[in-house]
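Enquirer: this is a predicted model, with the sequence first.
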2 protein chains.
Amino acid sequence: MIKKSRTVTRDEVARAAGVSSATVSYVVNNGPRPVANETRKKVLDAIQQLGYKPNAMARNLRLQHSTTIGLIVPDIHNPYFAEVARGVEQMASENGLTMVLCHSDYKLEGELHYVEVLQTERSAGVIWFPATNSAEPALRIADYGMPLVVLDRVVPGVRAPAVVADNYLGGYLAARHLIDLGHRVIGCITRPTELYHSTERVRGFRQALNDKHIEMNAALLVNGGFRLDDGCDAAKKLIAASPRPTAIFAYNDFMAIGALRAAFELGLKVPDDLAIVGFDDIPQAAFTCPALTTISQPKLEMGRNGVALLIEEMEEPSLSSNPNPPLAVKLIVRESTGSLSH
Amino acid sequence: MIKKSRTVTRDEVARAAGVSSATVSYVVNNGPRPVANETRKKVLDAIQQLGYKPNAMARNLRLQHSTTIGLIVPDIHNPYFAEVARGVEQMASENGLTMVLCHSDYKLEGELHYVEVLQTERSAGVIWFPATNSAEPALRIADYGMPLVVLDRVVPGVRAPAVVADNYLGGYLAARHLIDLGHRVIGCITRPTELYHSTERVRGFRQALNDKHIEMNAALLVNGGFRLDDGCDAAKKLIAASPRPTAIFAYNDFMAIGALRAAFELGLKVPDDLAIVGFDDIPQAAFTCPALTTISQPKLEMGRNGVALLIEEMEEPSLSSNPNPPLAVKLIVRESTGSLSH
DNA sequence: ATGAAAGCGCTAACAG
DNA sequence: CTGTTAGCGCTTTCAT
């Protein structure tokens, strides 16, 4: 291979091969017109010789489409998002697309920033984990005619293909599980802001208690937050209640892990002194904390559009209290209507 | 805002505003030539009216550069990489760049695939976590004249700016810590493949034992792997050795968490029955597993080039056995020589 | 202070 | 089977 300081263009390849630039195109793209075998070889040699790489920017400009999709998540540092990002990237890659990772940092402002960027880049589509209750990002994307898939949440006013868990059922099962174990005083860590998925989880949880005629006083419901520390603090508040809860349900498992830490710091054994159940946003949590019981993502619906998403292995929601492989949330991005890559 | 089905171009804006397309450019880019205030207003209005967004593909083609950087990591699912991705993305965003997330999946093949893609996209630069000992990816990148920064590892034959931890020191400190606690029989989980950073950690570890004239028989050294399960298995092997080690050092904390699980499954209390120290690739581990002792990333060197990286808060390597905020590895991407964004 | 026009690298008609 | 060329949307050098 020859060292090239400047980037080599298709015209140079054509000249080196003694053919026209169109011909080079045809061999690079394997079409749309056939090329004589001998000619093809000359071109291939020249390409090799010069170390030519096609310029995607020029190609995409000409083709009037881009090969990137945007994934907007609050924070990749949350293993749940990381897991999804992994799946999305893989499928993107298999389809010749490239994934731009966008952090909203849990803020609407961040989402809007990236919507703007992705529009500017003429992204082939966007996959969005809403961070707030605002429909504005979706509206702008739709307005611009970009394919959109919403993940994990239902946002009021958004009419777009979505993939969401049955959060209500998950919460219901969690409570049911604890009740069956004999628990009667159960604390609950809720989310500070009103967000569909978490309120649904708590709603399901309360319904299960209700069905069994188990009362919940106000002291058994405390606001968590988003971080482990918040979960830890919330759990400590719960543990201080009287009668002391023998179990805690957390709206997500970041909170659950926080609660685990609280138990640890207060010298309570889990699950003997205190059972903890978290909604499994983070499949990994079940791995790292064997003492923790988690609810795997329950049944998901599938949405389709320019980008279609498919959740595999979507059977019954399951409870796992052991480190056995929890349900891996696998996302698969596929072309469907064809509006993705034309 | 007006619904647009087709994407609106700059020429349409120009026509709507009754000016030339050049003028539109000048107001969009705030230069390079001044525009009369009144004209500017007309243009701005037209842009607003039509919902015009500049086309980044066209712009970049013309400018002969792209605004994306590539981040090549083995697997974002590993929280350590997630953390770095977070930092890189943030800095990229602040500099008007966009980050493409590339998974090598721990394979050279994956790395080469993405190097190809990034070259094709004429990426502004790439940040690379080597997955193997092969220098090929770096060679190809350099060959193509792309700015490159290597993270976390030193790969034989690669001469590029890099940011690497003092792994030897970390391993040394880990052993020292255990020895000071009175441990004399210490197991060690090593990496199956020869990779600089992990062998360095083990080397430091062994040196510390050596300095204290503590012997290690072969049964105290076992190969781990990459996954939690591997760490768990390895730890079980160690625990079966006689005399049974009272402590275990793991070359990374995925392995350490696996060891924690092994202890859990075998009914050993941590750290009373078995102390576990892991090298802290994963800052989060200290959060999720309070029983675990971790070594935070020790001193890092700074490399600079088209992309420069800076590690903040790089003081002495530290041991933490509590869930206090571990050293957050913050990466900052900055322009330096200017070859990044011209 | 603004307009006209060339050209970035590529694709795909239109011509042989 | 292959060459020529218009044009994707933008920036910037010429002009005026």
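Expert: Here it is on my side, so go on.
Enquirer: now the helices for the stretch 101-250 of chain A?
Expert: For the stretch 101-250 of chain A, the helices defined by DSSP state H, counting those that start in this stretch occupy A:108-120, A:136-143, A:167-180, A:196-211, A:228-240.
Enquirer: in the longest one, what's buried?
Expert: The neighbour-count check on helix A:196-211 (16 or more other Cβ atoms under 10 Å in any protein chain shown) flags A:196-202, A:204-206, A:208-209 as buried. C-beta here means a position set from N, CA and C on the backbone, and glycine is covered the same way.
Enquirer: ok, the first one next?
Expert: Neighbour-count burial for helix A:108-120, with 16+ other Cβ under 10 Å as criterion, is recorded at A:110-111, A:113-115, A:117-120.
Enquirer: residues of chain A that sit close to DNA strand D?
Expert: Within chain A, the residues that sit near DNA strand D (Cβ under 7 Å from any atom of the strand) are A:18-23, A:26, A:33-36, A:38-40, A:58, A:61-62, A:64.
Enquirer: ok so, going back, can you list the buried residues of helix A:196-211 in CSV and add pLDDT?
Expert: Converted to CSV, those look like this (pLDDT from 0 to 100):
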residue, pLDDT
A:196, 74
A:197, 73
A:198, 80
A:199, 85
A:200, 81
A:201, 83
A:202, 88
A:204, 86
A:205, 89
A:206, 91
A:208, 91
A:209, 94
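Enquirer: so who does residue A:99 touch?
Expert: Neighbouring residues of residue A:99 by Cβ atoms under 8 Å, 6 or more residues apart in numbering or on different chains: A:68-71, A:85, A:88-89, A:92-93, B:100-101.
Enquirer: closest to residue A:265 among these?
Expert: residue A:85 (32.1 Å; Cβ to Cβ).
Enquirer: and the helix or strand harbouring that closest one, what does it pack against?
Expert: Using DSSP states H and E, residue A:85 sits within helix A:79-94. Helix A:79-94 sits against strand A:68-73, strand A:98-103, helix A:283-288, strand A:331-335, helix B:79-94, strand B:98-103, with contacts defined as 3 or more Cβ pairs under 8 Å, 6 or more residues apart in numbering or on different chains; DSSP states H and E.
Enquirer: take these and write them to a markdown table, including distance to residue A:11.
Expert: As requested, the helices and strands packed on helix A:79-94 are exported to a markdown table (distance: least, Cβ to Cβ, whole Å):
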| stretch | distance to residue A:11 |
| --- | --- |
| strand A:68-73 | 26 |
| strand A:98-103 | 26 |
| helix A:283-288 | 51 |
| strand A:331-335 | 32 |
| helix B:79-94 | 32 |
| strand B:98-103 | 27 |
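Enquirer: compare the mean pLDDT across those and name the weakest.
Expert: When those are compared by mean pLDDT, strand A:331-335 comes last with a mean of 31.
Enquirer: what does the closest residue to DNA strand C within the stretch 151-300 of chain A show for phi and psi?
Expert: Per Cβ to the nearest atom of the strand, residue A:161 is where the stretch 151-300 of chain A lies closest to DNA strand C, at 27.9 Å. The phi/psi pair for residue A:161 (degrees, to the nearest 10) reads phi -60, psi 140.
Enquirer: just checking, it touches residue A:154?
Expert: No - Residue A:161 is beyond contact range of residue A:154, at 11.7 Å (criterion: Cβ atoms under 8 Å).
Enquirer: those two - which one has more neighbours?
Expert: residue A:161 (19 against 15; other Cβ atoms under 10 Å in any protein chain shown).
Enquirer: please report the distance of that one from residue A:148.
Expert: As judged by Cβ to Cβ, to the nearest Å, residue A:161 and residue A:148 stand 7 Å apart.
Enquirer: try residue A:205
Expert: In terms of Cβ to Cβ, residue A:205 sits 31 Å off from residue A:148.
Enquirer: what about residue A:260, how many residues nearby?
Expert: Residues lying near residue A:260 (other Cβ under 10 Å) number 31.
Enquirer: just checking, it touches residue A:270?
Expert: Yes - between residue A:260 and residue A:270 there is a contact at 6.1 Å, judged by Cβ under 8 Å.
Enquirer: what is the nearest of the buried residues of helix A:108-120 to residue A:176?
Expert: Nearest to residue A:176, judged by Cβ to Cβ, of the buried residues of helix A:108-120 is residue A:111 at 35.4 Å.
Enquirer: from what I can see that closest one touches residue A:72, true?
Expert: Yes - contact criterion Cβ under 8 Å: residue A:111 and residue A:72 qualify, at 6.0 Å.
Enquirer: pull up the overlap in contacts between those two.
Expert: Residues touching both residue A:111 and residue A:72 (Cβ under 8 Å, 6+ apart): A:104, A:128, A:137.
Enquirer: roughly how far out does stretch A:184-203 sit from the chain middle?
Expert: Distance of stretch A:184-203 from the chain centroid (Cα atoms, centre = their mean, to the nearest Å) equals 21 Å.
Enquirer: distance from stretch A:19-30 to the middle of the chain?
Expert: Relative to its parent chain, stretch A:19-30 has a centroid offset of 40 Å by Cα atoms, centre = their mean.
Enquirer: tell me if that stretch is near chain B.
Expert: No - counting by Cβ under 8 Å from any Cβ of the partner chain, chain B has no neighbours in stretch A:19-30; the shortest distance is 10.9 Å.
Enquirer: what's in contact with that stretch?
Expert: Under Cβ under 8 Å, 6+ apart, the answer for stretch A:19-30 is A:10-11, A:13-14, A:17, A:32-35, A:39-40, A:42-44, A:47, A:54.
Enquirer: now it: mean pLDDT?
Expert: 87.
Enquirer: and if you look at stretch A:107-122?
Expert: pLDDT averaged over stretch A:107-122 gives 96.
Enquirer: do stretch A:254-265 as well
Expert: 81.
Enquirer: now that stretch: buried residues?
Expert: The neighbour-count check on stretch A:254-265 (16+ other Cβ under 10 Å) flags A:254-264 as buried.
Enquirer: stretch A:46-62: end-to-end distance?
Expert: 24 Å (Cα to Cα, to the nearest Å).
Enquirer: please apply the same query to stretch A:95-115.
Expert: Distance between the two ends of stretch A:95-115: 22 Å, counting by Cα to Cα.
Enquirer: that stretch near DNA strand C at all?
Expert: No - among the residues of stretch A:95-115, none lie within reach of DNA strand C under Cβ under 7 Å from any atom of the strand; the closest is 12.4 Å away.
Enquirer: tell me how far that stretch lies from the chain's centre.
Expert: Centroid separation for stretch A:95-115 versus its chain: 11 Å, with Cα atoms, centre = their mean.
Enquirer: JSON lines for the shared contacts of residue A:111 and residue A:72, including pLDDT and neighbour count?
Expert: Formatted as JSON lines, the shared contacts of residue A:111 and residue A:72 follow (pLDDT from 0 to 100; neighbours: other Cβ atoms under 10 Å in any protein chain shown):
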{"residue": "A:104", "pLDDT": "95", "neighbour count": "23"}
{"residue": "A:128", "pLDDT": "90", "neighbour count": "28"}
{"residue": "A:137", "pLDDT": "95", "neighbour count": "27"}
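Enquirer: nearest to DNA strand C, of those residues?
Expert: Nearest member of the shared contacts of residue A:111 and residue A:72 to DNA strand C, counting by Cβ to the nearest atom of the strand, is residue A:128, at 29.7 Å.
Enquirer: wait, what's in contact with the closest one?
Expert: If you count contacts by Cβ under 8 Å, 6+ apart, residue A:128 has them with A:72, A:111, A:137-138, A:141, A:148-151.
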